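Visitor: Predicted model, plus sequence, below.
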Amino acid sequence: MVSSTSVSGVGADPRATLQFLAAPATVSVTDLGQRVFVVSNKALGAAASPADRLFLWICSQQIQPLGDIHPTGTGVYALRVPANTSVSMGLSAVLSLPPGQYNVGLCGSSESPFWTNNDYSYTSAVVAME
């Protein structure tokens with residue numbers, strides 16, 4: 001293992017644009033042979049109206065220079081919850097990133113305006129040699 005980190009925080013509510021939903025962890029990749037193992041979870045739910053069309057991935061975003069958010073893998077599509085519900089949703093992934101500093105964590109998007117019963121998140125990341 002090269003380094004590890006863990007963060008918690010509110011994160012963001014789902015919206016139509018891809019964004020980090022869980023508080024992202026910041027990692028530094030210093031060698032091409034390093035991999036980043038990411039586990040990220042967030043409480044997501046709906047208040048008075050059901051919520052649907054939630055898409056989730058583990059994402060990375062280069063910090064310097066600030067880059068776009070990049071989803072990893074196929075993601076989890078079309079998640080939905082009934083009204084008055086909040087559940088922990090999360091994913092994990094192993095990322096192969098070029099050297100640099102990155103934000104990593106659970107990201108997603110939804111065109112539904114009803115993802116309003118959301119709460120805290122946790123993201124942990126380990127940088128290790130392959």
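Guide: Good, I have the coordinates. Numbers count the residues shown, from 1 in each chain.
Visitor: Nearest the geometric middle of this structure, what residue?
Guide: Leu106 (0.9 Å; CA atoms, centre = their mean).
Visitor: Pretty sure it sits against Ala43.
Guide: No: Leu106 is beyond contact range of Ala43, at 11.2 Å (criterion: CB atoms under 8 Å). Where C-beta positions appear, they are placed from N, C-alpha and C, glycine not excepted.
Visitor: Surely Trp115 and Ala46 touch.
Guide: Yes: counting by CB under 8 Å, Trp115 touches Ala46, with 6.5 Å between them.
Visitor: Report the buried residues of stretch 96-107.
Guide: Across stretch 96-107, burial judged by 16 or more other CB atoms under 10 Å covers 97, 102-107.
Visitor: And the strands in this structure?
Guide: Along the chain, counting by DSSP state E, strands occupy 3-9, 19-20, 25-29, 34-46, 51-62, 70-81, 85-95, 100-110, 121-129.
Visitor: any idea how far the residue sitting furthest away from the middle of the chain is from Ala83?
Guide: In the chain, Ala48 marks the outermost C-alpha relative to the chain mean, sitting 25.3 Å out by CA atoms, centre = their mean. Ala48 sits 6 Å away from Ala83, going by CB to CB, to the nearest Å.
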